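A.B. asks: Model the following, please.
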Amino acid sequence: MYPIVPPRRLSPGFQESLQLDALAELLPDAEVESICRKLRHHWRNRELPPGVTVRSIIPGTGTN
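C.D. replies: Numbering: from 1, shown residues only. This is a model prediction of the structure:
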């Protein structure tokens, strides 16, 4: 038999991942890169493109 236990809450990491995914729909990489180009910002190709970096520092969505 299995014990009856209350459902677990989402782990903070998983919840943040869902928030970042939802934010990616509203602020896609292409949009962030377009804004960066208009502001004449230059970046190197890295593992974290500008879109990911910007979304990760928005309050309430990163690992603060």
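A.B. asks: Can you show me the helices along the protein?
C.D. replies: Here the chain has its helices, by DSSP state H, at 12-26, 29-38, 50-57.
A.B. asks: Which of those helices has the highest mean neighbour count?
C.D. replies: Highest mean neighbour count among the helices of the chain (mean count of other C-beta atoms under 10 Å): helix 50-57, with a mean of 16. All C-beta spots, glycine's among them, are computed from the backbone N, C-alpha and C.
A.B. asks: What angle do helix 29-38 and that one make with each other?
C.D. replies: Between helix 50-57 and helix 29-38, the angle comes out at 100 degrees (axes from the mean of the first three to the mean of the last three C-alpha atoms, to 10 degrees).
A.B. asks: mind checking which helix or strand of this protein has the lowest mean pLDDT?
C.D. replies: helix 12-26 (a mean of 68; mean pLDDT, DSSP states H and E).
A.B. asks: And G62, what's its pLDDT?
C.D. replies: G62 is assigned a predicted lDDT (pLDDT) of 50.
A.B. asks: Now do the contacts for the residue nearest to H41 when sequence neighbours are not counted.
C.D. replies: Of all residues not flanking H41 in the chain, P50 sits nearest, at 7.7 Å (C-beta to C-beta, 6 or more residues apart in numbering). By C-beta atoms under 8 Å, 6 or more residues apart in numbering, the residues touching P50 are D29, V32, E33, C36, H41, W43.
A.B. asks: Isn't the last one up against V32?
C.D. replies: No: with contact defined as C-beta atoms under 8 Å, W43 does not reach V32; the gap is 10.4 Å.
A.B. asks: who's in contact with L27?
C.D. replies: G51, V54, R55.
A.B. asks: now do R37
C.D. replies: Counting by C-beta under 8 Å, 6+ apart, R37 has no contacts.
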